[in-house]
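*Asks:* I would like the atomic coordinates for the input below:
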Amino acid sequence: MTINKTASAHWSGGLKDGKGTISTQSGALSNQPYGFNTRFEDKQGTNPEELIGAAHAGCFTMALSMLLGEAKLTATALDTKATVSLDQVEGGFKISKIHLDLTGTVPGADQAKFEEIANKAKAGCPVSQLFKAEITLSAKLNG
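*Replies:* Numbering: from 1, shown residues only. Here you go, the predicted structure:
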């Protein structure tokens, strides 16, 4: 089975003075503005790195929920923040690493088991498998 999802981008103008919009098939993003200033100057709008972070955090957290279920554990809360690092390198820019910062409340789990399952989710998450960047994880179990 293959599932296809789409997103699109529109751009007009040069790199620094140009403007673009990003949209998704679902409509969750519809003509969301992005540009040089939203990527490099923290202006209002989105950028590829935060969209990658959102996709990675979402995918990882769903994968973790599945693996917890296989271990007969159910989370009452899983919160993941993905920090995507964009570094200037010779010849341009590179996403060098992504750090997943996870906090979870999982009745019946201990810290060691939580970390073990979280690391399996990090390695197995379909979005993680896309990246050549270093992916790190810190996992904190509440309770």
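
*Asks:* please make it C-alpha for all contacts and neighbour counts, starting now.
*Replies:* OK.

*Asks:* domain ranges for the chain?
*Replies:* Domains of the chain are assigned by the TED database as 1-46, 48-141.

*Asks:* lowest-confidence stretch among those domains?
*Replies:* Considering the domains of the chain one by one, the lowest average pLDDT is found for domain 1-46, at a mean of 91.

*Asks:* gap between the two ends of that domain?
*Replies:* Domain 1-46 has an end-to-end distance of 32 Å (criterion: CA to CA, to the nearest Å).

*Asks:* next one: stretch 73-82
*Replies:* Between the start and the finish of stretch 73-82 there is a gap of 23 Å, counting by CA to CA.

*Asks:* ok, and which of the domains of the chain has the densest surroundings?
*Replies:* Stretch with highest mean neighbour count among the domains of the chain: domain 48-141 (a mean of 16; mean count of other CA atoms under 10 Å).

*Asks:* just the CA atoms of the longest helix seen in the chain, as PDB, please.
*Replies:* Longest helix in the chain by number of residues, with DSSP state H as the criterion: helix 48-70. Extracted in PDB, the C-alpha atoms of helix 48-70 (Å, rounded to 0.1, in the frame of the first residue of the first chain):
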ATOM      1  CA  PRO A  48      11.400  24.800   5.800                       C
ATOM      2  CA  GLU A  49      13.200  24.000   9.000                       C
ATOM      3  CA  GLU A  50      10.200  24.400  11.300                       C
ATOM      4  CA  LEU A  51       8.000  22.400   8.900                       C
ATOM      5  CA  ILE A  52      10.600  19.600   8.900                       C
ATOM      6  CA  GLY A  53      10.700  19.800  12.700                       C
ATOM      7  CA  ALA A  54       6.900  19.600  12.900                       C
ATOM      8  CA  ALA A  55       6.800  16.600  10.600                       C
ATOM      9  CA  HIS A  56       9.600  14.900  12.500                       C
ATOM     10  CA  ALA A  57       8.100  15.600  16.000                       C
ATOM     11  CA  GLY A  58       4.700  14.400  14.800                       C
ATOM     12  CA  CYS A  59       6.000  11.200  13.100                       C
ATOM     13  CA  PHE A  60       8.300  10.300  16.000                       C
ATOM     14  CA  THR A  61       5.600  10.800  18.600                       C
ATOM     15  CA  MET A  62       3.100   8.600  16.600                       C
ATOM     16  CA  ALA A  63       5.700   5.900  16.200                       C
ATOM     17  CA  LEU A  64       6.500   6.000  19.900                       C
ATOM     18  CA  SER A  65       2.800   5.600  20.700                       C
ATOM     19  CA  MET A  66       2.600   2.500  18.500                       C
ATOM     20  CA  LEU A  67       5.700   1.000  20.100                       C
ATOM     21  CA  LEU A  68       4.400   1.700  23.600                       C
ATOM     22  CA  GLY A  69       1.200  -0.100  22.700                       C
ATOM     23  CA  GLU A  70       3.200  -3.100  21.500                       C
END
